[in-house]
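[1] Below is the sequence, then the predicted model.
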Amino acid sequence: MVANDDGLRARLAKLDELFRRGATEGERAAAGAAIDRLRDRIGSDTTETEVELKLSLLDVWSVHLFVAVCRKHGVRPYRYPRQRRTTIMVRISRSFFDHVVWAEFSGLQTELNIYFEETVDHLIRTAMHSDGDDSALDLVKIPSA
């Protein structure tokens with residue numbers, strides 16, 4: 001069952017790549033339909049129970065990215081009343097969360113952080129004509145009371 005599940009997931013990844021780079025609308029539609037069929041097979045083969053997971057993310061960009069990844073994989077994120085904007089709840093099987101949703105989110109989050117860092121560094125260099133390097137800050141002793 002695990003080998004079969006891994007095979008289905010590998011085919012799903014290939015179809016997802018085909019869908020993203022599909023040259024024509026017909027290719028994208030065919031790949032999208034195949035992706036849906038494989039996701040249904042993966043979902044119907046699992047006997048693992050769903051658990052409710054609470055995630056506290058660091059910023060709204062992470063929230064946007066996590067919600068997008070969840071929705072891409074058919075997971076419906078939600079919040080309870082009075083929860084913070086950076087808190088997201090999902091009901092999902094733990095293995096699917098770990099191997100698919102969290103793995104994809106983590107990779108994309110790393111790329112997003114690199115992109116933000118490069119963009120901010122570029123803006124500081126070009127617009128402010130400075131390096132913004134905080135490692136060269138002066139260390140000042142805290143005055144004693």
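    All right, it came through fine. Numbering: from 1, shown residues only.
[2] show me what contacts the nearest residue to residue 93 once chain neighbours are set aside?
    Nearest residue to residue 93, sequence neighbours excluded (C-beta to C-beta, 6 or more residues apart in numbering): residue 48, at 4.2 Å. Placement of C-beta: from N, CA and C, glycine included. Contact partners of residue 48, counting by C-beta atoms under 8 Å, 6 or more residues apart in numbering, are 93, 94, 95, 96.
[3] Model confidence score at residue 145, please.
    With respect to pLDDT, residue 145 scores 72.
[4] Also residue 123?
    90.
[5] Kindly provide the distance from the residue nearest to residue 93 to residue 71.
    From residue 48 over to residue 71 the distance is 21 Å, taken as C-beta to C-beta, to the nearest Å.
[6] Report the contact partners of the residue nearest in space to the middle of the chain.
    Here the mean C-alpha position of the chain is nearest to the C-alpha of residue 105 (C-alpha atoms, centre = their mean), at a distance of 2.1 Å. Residue 105 is in contact with 65, 66, 69, counting by C-beta under 8 Å, 6+ apart.
[7] tell me which element it falls in.
    helix 102-128 (DSSP states H and E).
[8] go on, residue 88?
    Using DSSP H and E, residue 88 falls in strand 87-93.
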